[in-house]
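S.K.: give me a model of this one.
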Amino acid sequence: MNRIFWIIALVAFINSLSFTILIPIIYLYGRQFGLSDFHTSLLFSIYAIAQFFATPIIGKLSDRFGRKPLLIISLAGTVIANFFAGTATTAITLFLARFLDGITGGNNAVAQAMISDVTETERRAQGFGIYGAAMGLGFVLGPATSLAAQQISLGAAFLVSGGVALIALIITIFFLPETIKRKDHQAHNIFDLGLDNLIKGLMIPKVGILLIINFCIGTTFTMFTYAFQPYFLIVLEQNKESLTLMFLLFGVLGVIMQTWGVKVLTKYLNETKILLVSLFIRSSSFLLMPIFPIVNYFVILSVVFSLFNSLVQPMINTLISLNAKPEEQGIALGLNSSYLSMSNGIGPVIAGLLVNQDNPISYSYPLYLAGMLTFGVLLFAIANYQKYIPKTNS
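M.R.: Residues are numbered from 1 along each chain as shown. Below you'll find the model as predicted:
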């Protein structure tokens, strides 16, 4: 891996750190503004839905104008949005800040396209594994940083997140060179970069089926990620510090698996088979977690879940990258992030509709449903195996 790759990985780490500072507090911050469980789920969703519409546009524009300018715009949006969120005095301001962060939040799609630009085909899986590990390291330090910021206030965590994103922005401006070798200079109408392109993406050979699979995966996963927090706090009767430590545990295990685990597993299994195994573990974990409302039981299952769950997205990204043409990397990965963002908007709403704070057992419902639906996605992925397996896996 060359110097540019490691700079991209550093930016990805800092960006992940900025994002994960917020994960343990968004639910609690929403409740601080008097939002119900359902309205708090909308706080999660507005960010994701904004990303859904913006990310394919950002991905396409990065193919045309270069990766670096679009990454700069995305990071600047995060800095501004988190400042407004951290200083918000009304729920409306908070929603608008989350929308702004989402509409400019194509950071990951552009960074993934940059990884594709600078890695050779045979090292693509390792490259995305290291990229995922960098993101995972952010998941380690993010919750720890969040825990420190929470001692001041929940709003302070947003301000710290914005400050961290500012560091990534400065590194991108002064140290990260442009990575795209051949820009797409064809004239495009900006309005043609939206829904039409999303539909056309489904027609890309082998990539389209992966977009569908990842959309379904994302929907079920975000049902879990939203329901996990109130389940841990209310059903298991834990506090916000313990919740943040759980996210810290997830991050540590993710880094271990995405650095050491990917390297070991790819010696024995191809990317497609690793994905299928990981989906099986994920679906089983969702179904087993709420059976016994005991903290130790939940933590043990969470450890197993986290190890294999951390492999899902790197494998999906690798398969899409291997199946997409060089000139379509930005578009394909941008579409993938966009479909994933839409799923991130749908999952929390479904979970929010299922739960009722007057009925604590209802916080188990999204976990059971996520498990059953994930198992359905696994069966779909197995049935369509030949439609998306790349030539290098054949």
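S.K.: ramachandran coordinates for N356?
M.R.: Note on N356: its backbone torsions stand at phi -150, psi 120 [degrees, to the nearest 10].
S.K.: quick one: contacts for L378?
M.R.: By Cβ atoms under 8 Å, 6 or more residues apart in numbering, the contact set of L378 is 276, 279-280, 283. Backbone N, C-alpha and C define where each C-beta goes, glycine included.
S.K.: which SSE is immediately downstream of the strand or helix carrying R31?
M.R.: In this assignment (DSSP states H and E), R31 forms part of helix 26-32. Per DSSP H and E, helix 26-32 leads on to helix 37-65 as the next helix or strand towards the C-terminus.
S.K.: could you dump stretch 113-120 to PDB, C-alpha only?
M.R.: Written as PDB, here are the backbone C-alpha positions of stretch 113-120 (Å, rounded to 0.1, in the frame of the first residue of the first chain):
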ATOM      1  CA  ALA A 113     -13.700   5.400  -4.600                       C
ATOM      2  CA  MET A 114     -10.200   6.800  -3.700                       C
ATOM      3  CA  ILE A 115      -9.300   3.400  -2.200                       C
ATOM      4  CA  SER A 116     -10.300   1.800  -5.500                       C
ATOM      5  CA  ASP A 117      -8.200   4.400  -7.400                       C
ATOM      6  CA  VAL A 118      -5.000   3.600  -5.600                       C
ATOM      7  CA  THR A 119      -5.200  -0.200  -5.000                       C
ATOM      8  CA  GLU A 120      -4.600  -3.000  -7.500                       C
END
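S.K.: what comes up buried for that stretch?
M.R.: Buried residues in stretch 113-120, defined by neighbour count with 16 or more other Cβ atoms under 10 Å: 113-119.
S.K.: just the residues you listed: which are in helices?
M.R.: Using DSSP state H, the subset of these located in helices is 113-118.
S.K.: residues contacting the nearest residue to A12 once chain neighbours are set aside?
M.R.: Spatially, and ignoring its direct neighbours in sequence, A12 is nearest to A134 (4.6 Å; Cβ to Cβ, 6 or more residues apart in numbering). Listed by Cβ under 8 Å, 6+ apart, the contact set of A134 reads 9-10, 12-13, 16.
S.K.: widest-spaced pair of the buried residues of stretch 113-120?
M.R.: A113 and T119 (11.2 Å; Cβ to Cβ).
S.K.: circling back: now, of the contacts of L378, which are buried?
M.R.: Buried among the contacts of L378 (16+ other Cβ under 10 Å): 279, 283.
S.K.: nearest to F44, of the contacts of L378?
M.R.: For the contacts of L378, the nearest to F44 is S283 (21.8 Å; Cβ to Cβ).
S.K.: just checking, the closest one touches G371?
M.R.: Yes - with contact defined as Cβ atoms under 8 Å, S283 counts as touching G371 (5.2 Å).
S.K.: may I ask which helix or strand of this structure has the lowest mean pLDDT?
M.R.: helix 195-201 (a mean of 72; mean pLDDT, DSSP states H and E).
S.K.: following element in sequence after it, please.
M.R.: Next along from helix 195-201, by DSSP H and E: helix 207-230.
S.K.: alpha carbons of that following helix, as CSV, please.
M.R.: Taking Å, rounded to 0.1, in the frame of the first residue of the first chain, the C-alpha atoms of helix 207-230 are listed here in CSV:
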residue,chain,number,x,y,z
VAL,A,207,-23.4,-4.6,-9.2
GLY,A,208,-27.2,-4.1,-9.3
ILE,A,209,-27.9,-7.3,-7.3
LEU,A,210,-25.3,-6.3,-4.7
LEU,A,211,-27.1,-2.9,-4.3
ILE,A,212,-30.4,-4.7,-3.6
ILE,A,213,-28.7,-7.1,-1.1
ASN,A,214,-26.9,-4.2,0.7
PHE,A,215,-30.2,-2.2,0.9
CYS,A,216,-31.9,-5.1,2.6
ILE,A,217,-28.9,-5.7,4.9
GLY,A,218,-28.8,-2.0,5.8
THR,A,219,-32.5,-1.9,6.6
THR,A,220,-32.4,-4.8,9.0
PHE,A,221,-29.1,-3.6,10.6
THR,A,222,-30.4,-0.1,11.4
MET,A,223,-33.5,-1.6,12.9
PHE,A,224,-31.1,-3.2,15.4
THR,A,225,-28.9,-0.2,15.8
TYR,A,226,-31.8,2.0,16.8
ALA,A,227,-33.6,-0.5,19.0
PHE,A,228,-30.3,-1.6,20.7
GLN,A,229,-30.0,1.7,22.6
PRO,A,230,-33.4,1.8,24.3
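S.K.: now for it, which elements pack on it?
M.R.: Counting contacts by 3 or more Cβ pairs under 8 Å, 6 or more residues apart in numbering; DSSP states H and E, helix 207-230 is packed against helix 26-32, helix 37-65, helix 195-201, helix 271-288, helix 295-323, helix 329-354, helix 365-383, helix 385-388.
S.K.: list the buried residues of the first one.
M.R.: This points to helix 26-32. Residues 26-31 are the ones in helix 26-32 that count as buried (16+ other Cβ under 10 Å).
S.K.: now swap in the shortest one and tell me
M.R.: Judged by neighbour count (16+ other Cβ under 10 Å), helix 385-388 contains these buried residues: Y388.
S.K.: contacts for that helix?
M.R.: 206-207, 209-210, 213, 272, 319, 323.
S.K.: same thing but 7 Å
M.R.: By Cβ atoms under 7 Å, 6 or more residues apart in numbering, the list of residues contacting helix 385-388 from outside reads 206, 209-210, 272, 319, 323.
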